[in-house]
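Peer 1: Got a predicted structure here, sequence first:
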Amino acid sequence: MKYKRHSLLVLSCIFLILMLGCVGESPISQPPAEEIDETNANYPAERPLISLGAEYNFGLEDLDPYIIGDAEGWFDEQTAKGINIISFSPFDLEGYMIFDSPALREAGFKLDPEYPNLLSDILSEAKMHNMTVVLMIEGIAHIIGDMMPYSEEIKKEKLIPKLVENLIRDIANLAKKEDVDIYISEEAFEEEYIDSIARASKTYGVGYMHFFEDLKCRADVFISEDYAYYPRNAEKDPKDRAYLQKLWKLGTYYGELGNLNVMYATAKGCGIEAQTLTAGGWGLGPRTHQNIALFRSVQYGPRTYYFVVAEGGEGPIYGEEVEYVENYNFKERLLPLLEEFGRKKSDPLKPVANLIIDEPKKGEDIIDFYNQAFLSSMSAVTNSLLASGYDIVVTAQPVINASLYYVFSAGEIFDEMQDLPLQLAALSKSNVPVFYQVAGGIPDMPHWNIVTLALGISRKYTPISSAASFDPIPRSVLAVFPLGEYKIKYRGYSFEFWNKDDAGTFNVGHYLNYINPEELDESVDVLLSGFTAKDGDKKFDDKTALILRHGNVYFVNGGYLHLDASTFLANIMAETRGSPAVYNKPSYGYFTNGETRSAFFAPYEVEIDINLLGGDKVIEFDENGEKVYDSKVKLENSRLTGRLGKYHLLVVN
């Protein structure tokens, strides 16, 4: 699996005029009208899907089309279980295609002589059963990137963006002939291919599904890959280290639950639908699918869900997952839960937190290390926002009606400096809480200097990088919670490393900005501090500010944050909206808080003590998605306490 983030060329003119007046600079002239994407200014209502008309939709992904075509009664059986979406590839890496595509023929693919009309037959049968067909085309990206072995008869050099456009044209022509709507899905393509896919999909009327987020909003639908959780102690616990190694080997770390909050929130920013796809063996349990689906339903209310069997080089990773997915009845099991507990459009609106992604503009290595810091930190950042009761909207430029802003910027990485865009620096002069985090060092540049002045740390910070052969970010810190002082993990993990023995300790590209609390003005509140080695002597005896506040401007120090840090950060964010602390003590897991519904998913066995914004009924589901009737969790006066088992889910309604 290969994944890249992309910049969003969006501008809010009203916001700029308001903000620039605050920093005492002349307003910048507006760009030409065609460069302004008004649809992203206020995260518009979702665009309707082409053919998925049901309130909830349930799908099976990465199917074998030959089994679908040969199995008598297969469609009737799936329809009875609530399935109304099926997804598969119209070609394979052995060079065979299941419909006659001139584009694929040009690249060396051959029509399977035994099944020359297989795709037409499947489309016809799907139409009779009111099923939507999604054709997976990422196999082309796998060939281009040499990610998987493929037939020597396939002409890789022919697989240029124009050919992919022609493939989409061929698919559209077949769909028109069969009188059906059709979708394509993809991942792992480079930028120029995504542009071509988006353009061809719109031109030929094919629905376009993209795995993960795309800040340019080019797809009609985003699909998650909810596969994994954030390991708690990969430095010292052999099981957690082995787990991190597994994610690295399988390439499924981008499917970490906290990181994928970014995808769901980007869909809000784009005004498109986000769908949930989950599997077990790539980082979760063999029967966790239902819990993940229900958790996402409470968080975001998607209306489309896919269950997938995770496979490795020798077939399914968990044999019992095959039986679970093949026999799962969405209509009888998941649908009633979604209807009872899932988020509804009639729920009270939550305050909006705008998470702004300020990516590096050049340097492939810089972009890669930025993405790794982003991946490491997003579990902590998004979990903090959700736990404190915010809705997250992800964009590359500020939306104009947010109640909180969180800016994640590149800064200085390996001596390559990038300044903040002026409109992001200007947020520090607004009357809305704004958090800044930088992947690298704080650069001495004009717009960042606006922020450091607002933070009260101007000229009072020193970037420290792991180039000094140690990780400058404190592994753990003492933090004050309502029930006392607790040690929490602060330093996050790199999910990519050079060899498996580096799992949990790899620190290339890790940065911290040394800020001596004693040198700060009394008006600056140091909310959390820890120790680093500012002199490079590897002795962690230099106290530094880690989270600080000056007025309504906050700084979160260190490019890599651990999920555990979200328990403290969420309490700070709750305070920004006048709410009580969320966590009475650290409670490791994923938590979404709300007035009408909340949910907590436990990746480990954990003792929780958290405060809810509302709700009076709590249901616990075990690791298989079954209700726990002797739950040890209690809800009294909006306080949720007790012990949860691994992969258990709590839903409060």
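Peer 2: On my side now, so go ahead.

Peer 1: Spatially nearest residue to the residue sitting nearest the centre point of the chain (excluding sequence neighbours)?
Peer 2: For the chain, the residue nearest the mean C-alpha position is L260 (1.8 Å; Cα atoms, centre = their mean). If the residues on either side of it in the chain are set aside, L260 comes closest to S224, at 5.0 Å by Cβ to Cβ, 6 or more residues apart in numbering. Bear in mind the C-beta positions are built from the backbone N, C-alpha and C, glycine included.

Peer 1: So what sits opposite the residue lying closest to D64 once chain neighbours are set aside in the bridge?
Peer 2: Spatial nearest neighbour of D64, chain neighbours left out: F88 (7.0 Å); criterion: Cβ to Cβ, 6+ apart. Per DSSP bridges, the residues bridged to F88 are L63, L135.

Peer 1: what helices or strands is the helix or strand where the residue nearest to the centre of the chain lies leaning on?
Peer 2: Taking DSSP states H and E as the definition, L260 sits inside helix 257-270. For helix 257-270, the elements it packs on are strand 221-223, strand 273-279, helix 289-299, strand 352-358, helix 364-387, strand 391-395, judged by 3 or more Cβ pairs under 8 Å, 6 or more residues apart in numbering; DSSP states H and E.

Peer 1: between those, which one is nearest to S631?
Peer 2: Nearest to S631, of all those, is helix 289-299, at 14.4 Å by Cβ to Cβ.

Peer 1: Look up phi and psi at D501.
Peer 2: D501 adopts backbone torsions of phi -70, psi -10, taken as degrees, to the nearest 10.

Peer 1: Identify the residues contacting it.
Peer 2: Residues in contact with D501 (Cβ atoms under 8 Å, 6 or more residues apart in numbering): none are found.

Peer 1: Residue numbering should commence at 41 henceforth.
Peer 2: Right, with 41 as the first residue, what we last looked at is D541.

Peer 1: so what pLDDT did it get?
Peer 2: pLDDT, D541: 93.

Peer 1: wait, K674 sits on L680?
Peer 2: Yes. Counting by Cβ atoms under 8 Å, K674 touches L680, with 7.4 Å between them.

Peer 1: Wait, the residue nearest to the centre of the chain touches F262, no?
Peer 2: No. If you go by Cβ under 8 Å, L300 and F262 don't touch, sitting 9.8 Å apart.

Peer 1: Mind listing the shared neighbours of the two?
Peer 2: Joint contacts of L300 and F262 (Cβ under 8 Å, 6+ apart) are F252.

Peer 1: so who does the residue nearest to the centre of the chain touch?
Peer 2: 252, 264-266, 294.

Peer 1: Quickly note the distance from G685 to F661.
Peer 2: 10 Å (Cβ to Cβ, to the nearest Å).

Peer 1: What is the burial count for G109?
Peer 2: Other residues near G109 come to 16 when the count uses other Cβ atoms under 10 Å.

Peer 1: Got phi/psi on the residue lying closest to V596 once chain neighbours are set aside?
Peer 2: Nearest residue to V596, sequence neighbours excluded (Cβ to Cβ, 6+ apart): Q477, at 4.3 Å. Q477 adopts backbone torsions of phi -140, psi 140, taken as degrees, to the nearest 10.

Peer 1: can you tell me how far Q477 sits from Y551?
Peer 2: 11 Å.

Peer 1: which phi and psi does N651 have?
Peer 2: phi -110, psi 130.

Peer 1: Just give the number of residues close to it.
Peer 2: Per other Cβ under 10 Å, the neighbour tally for N651 reads 19.

Peer 1: and it, what are its bridge partners?
Peer 2: Judged by DSSP bridges, the bridge partners of N651 are R679.

Peer 1: So what's the residue count around D116?
Peer 2: 10.

Peer 1: Which of G685 and F661 has more residues huddled nearby?
Peer 2: F661 (22 against 15).

Peer 1: Any idea how many residues pack against D656?
Peer 2: Counted with other Cβ under 10 Å, D656 comes out at 11.

Peer 1: Can you say which helix or strand has the nearest residue to it once chain neighbours are set aside in it?
Peer 2: Distance criterion Cβ to Cβ, 6+ apart; nearest residue to D656, sequence neighbours excluded, is L675 at 7.0 Å. Assessed by DSSP H and E, L675 sits inside strand 674-676.

Peer 1: ok, and what's touching that strand?
Peer 2: For strand 674-676, contacts defined as Cβ under 8 Å, 6+ apart pick out 652, 655-658, 680-682, 692.
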